[in-house]
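1. Fold the stuff below for me.
(chains A and B)
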Amino acid sequence: MSFFFEDSPSSPSSPKQAKHFVSFGCAFLFLSFFVFLAFTAIDYNWNWSSVFQYKKKFIDGWLISVGISFVTLFFSLIVGFLAAMGKRSTLLPIKYVASIYIELVRGTPLLVQIYLFYYVIADAAGVDNRYVMGVVIMSLFSGAYIAEIFRAGIESVGKSQLLSAKAIGLSSKQTYRFVIIPQALRNSLPALAGQFANLIKDSSLLSTIAIREFTLNAQEVNSITYSSFESYFPLAIGYLAITLPVMQLSRVIENKIRFET
Amino acid sequence: MNLAVNKITKRYGDQRALDGFTLQANDFSCLAFIGPSGGGKSTALRHLCGLEIPDSGEIRLNDSILPAQENELLNFRKSIGIVFQSYNLFPHFTALENVTLPLVQVHAMDAKNANSRAMELLGRFGLSNHANKRPAELSGGQSQRVAIARALAPDPSILFLDEPTSALDPEMTAEVLEAIESLVADGKKIVLVTHEMGFAQKAADQVAFIANGKVIEHSTSTDLFNRPQSQTCEKFLSRVLKY
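-> Next up is the predicted model:
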């Protein structure tokens, strides 16, 4: 029976790998069984072959989604950094612009932001490249969350560090550059990796403004082939293929940081 | 070194941390602040080294008045060295980088000279083999010696140490006190807050007994320890020297 229990640190080392592998397999089969039951209950008629013909569409869509997410990550780091610094500014108008931006974005659904930006602001600004707009919208959305991640990172740098910087004669700009930002960034890395996983999933909503990313292409395959579920499985797997490694990376960084300090 | 503190006061909320703190210390080489916890020793030291600005009163160090503006205080702090109780090294830098950072960034020394200056100081405190370690890999005593090397690197006119051994076990305390004693022997001017009465008696030439936010008594260390004038000081000494 002890085979199914996690090792306590004191117990003699047993074949840990095998143990976890078997338990994971059992859990996976158990959950799959319910999915299988559900589909059997609705007597679903599977038609994988017609969906398989459109594999290129899936791959193209996946690449677009990943591409948009990476470009967005880059810009949202900049937006997030500026917003976080803005919120710490002693100049009140800047502080409030940053606060209002962060609260509005975090307090409203992404779908609403996408529609508002795409149909009102982009139109008014005369931008008609929907991919550019997609990246702009996602960067502003994700930037607000990253701003909060950075803020928490900055606040995690202890007062004693600031006192020390003051004592050796660093100016406030130098204190940010050499003391606060390197430590804040390090402390923010696990949360940033998690935010990147969110970004990839959230980018699926860009399908609503006809950006030909992963979700939109999957929906198209569904309607072309008159199937209803077959496309959604590759879709789920496609997202997991990138979110699982990213979340794992986040855990690895977290452990590494914990051991180093 | 001359230090003249004239009636400085400092309040934190309702609490009077410094209450007309006055001290005239002429020609000292090592001045120790002793006294009960919460009596204002560390607060006074933080004001002397320009980390905090008093609500009123003035501080003169060798006849120049400490400025009351943060930007001018920054320049003052560049000319002195400060060491804290909890070392406060930067955890993301190695011991060596911790020492070179102020040299390169604040004192505009080039990287090569800064490195050799830092290695010379780390060597002096027996840390040559630890130069490339991060603070997390150093013991408390080693960290504190790195902190002393960092404060000493720009060759400050005076060194302020705020309870430099209070976070250390007896063996490490001895390591750090030896380092400080060797600085006194070299003629470095020092002001320190300490609970190590033996050290204050032996290494300091002047001692100030501080309680209730003021200097109760100040004289040479021999006089203060052997013939305390005030009752509070006598009581304090008899209690701390009992064991």
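
2. interface residues of chain A facing chain B?
-> A:160-161, A:163-164, A:166-171, A:174, A:178-179, A:182-183, A:186, A:260-261 (C-beta under 8 Å from any C-beta of the partner chain). Placement of C-beta: from N, CA and C, glycine included.

3. tell me which residues of the longest helix belonging to chain B are tucked away?
-> Across chain B, the helix with the greatest residue count (assigned by DSSP state H) is helix B:170-185. The neighbour-count check on helix B:170-185 (16 or more other C-beta atoms under 10 Å in any protein chain shown) flags B:Met172, B:Thr173, B:Glu175, B:Val176, B:Leu177, B:Ala179, B:Ile180, B:Leu183, B:Val184 as buried.

4. List the contacts of the fourth one.
-> Taking C-beta atoms under 8 Å, 6 or more residues apart in numbering or on different chains as the definition of contact, the neighbours of B:Val176 are B:Gly141, B:Gln144, B:Arg145, B:Ile148, B:Pro164, B:Thr165, B:Leu168.

5. out of those, who's near chain A?
-> When C-beta under 8 Å from any C-beta is applied, no member of these is adjacent to chain A.

6. quick one: which of the residues you listed sit in helices?
-> Among the contacts of B:Val176, the ones falling in helices (DSSP H) are B:Gly141, B:Gln144, B:Arg145, B:Ile148.

7. and the spatially most central residue of chain B, helix, strand or coil?
-> Central residue of chain B (C-alpha atoms, centre = their mean): B:Leu161, 1.5 Å from the mean position. Three-state call for B:Leu161 (DSSP: H, G, I helix; E, B strand; the rest coil): strand.

8. ok, now B:Gly20?
-> Applying three-state DSSP: B:Gly20 is strand.

9. so what's it up against?
-> Taking C-beta under 8 Å, 6+ apart, we find B:Gly20 in contact with B:Lys7, B:Ile8, B:Thr9, B:Gly57, B:Gly213, B:Lys214.

10. so the first one is in which element?
-> Right, B:Lys7. strand B:3-12 (DSSP states H and E).

11. Buried residues, that strand. List them.
-> Residues of strand B:3-12 classed as buried by neighbour count (16+ other C-beta under 10 Å): B:Leu3, B:Ala4, B:Val5, B:Ile8, B:Thr9, B:Lys10.

12. what about stretch A:100-112, distance to the chain center?
-> Centroid displacement of stretch A:100-112 relative to its chain, using C-alpha atoms, centre = their mean, to the nearest Å, is 16 Å.

13. Give me the residues contacting it.
-> With C-beta under 8 Å, 6+ apart as the test, stretch A:100-112 has contacts from A:83, A:87, A:113, A:140-141, A:143-145, A:147-148, A:202, A:205, A:208.

14. avg pLDDT for that stretch?
-> Averaging pLDDT along stretch A:100-112 yields 95.

15. ok, back up a step: can you flag the buried ones in the residues of chain A next to chain B?
-> If we count by 16+ other C-beta under 10 Å, those have these buried: A:161, A:164, A:166-170, A:174, A:178-179, A:182-183, A:186.

16. Find me the pLDDT at A:Pro190, would you?
-> So, for A:Pro190, pLDDT stands at 88.

17. Next, the nearest residue to it once chain neighbours are set aside: phi, psi?
-> Of all residues not flanking A:Pro190 in the chain, A:Glu254 sits nearest, at 4.0 Å (C-beta to C-beta, 6 or more residues apart in numbering or on different chains). For A:Glu254, the backbone dihedrals (degrees, to the nearest 10) come out as phi -60, psi -50.

18. Would you confirm that A:Asn187 contacts A:Ile257?
-> Yes. Counting by C-beta atoms under 8 Å, A:Asn187 touches A:Ile257, with 7.1 Å between them.

19. could you dump the contacts of stretch A:100-112 to CSV with distance to B:Thr94 and neighbour count?
-> Listed next are the contacts of stretch A:100-112 as CSV, based on distance: C-beta to C-beta, whole Å; neighbours: other C-beta atoms under 10 Å in any protein chain shown:
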residue, distance to B:Thr94, neighbour count
A:Ala83, 33, 26
A:Lys87, 32, 20
A:Gln113, 45, 19
A:Leu140, 39, 18
A:Phe141, 39, 25
A:Gly143, 34, 25
A:Ala144, 36, 22
A:Tyr145, 34, 22
A:Ala147, 31, 26
A:Glu148, 32, 18
A:Asp202, 40, 19
A:Leu205, 46, 21
A:Thr208, 51, 14
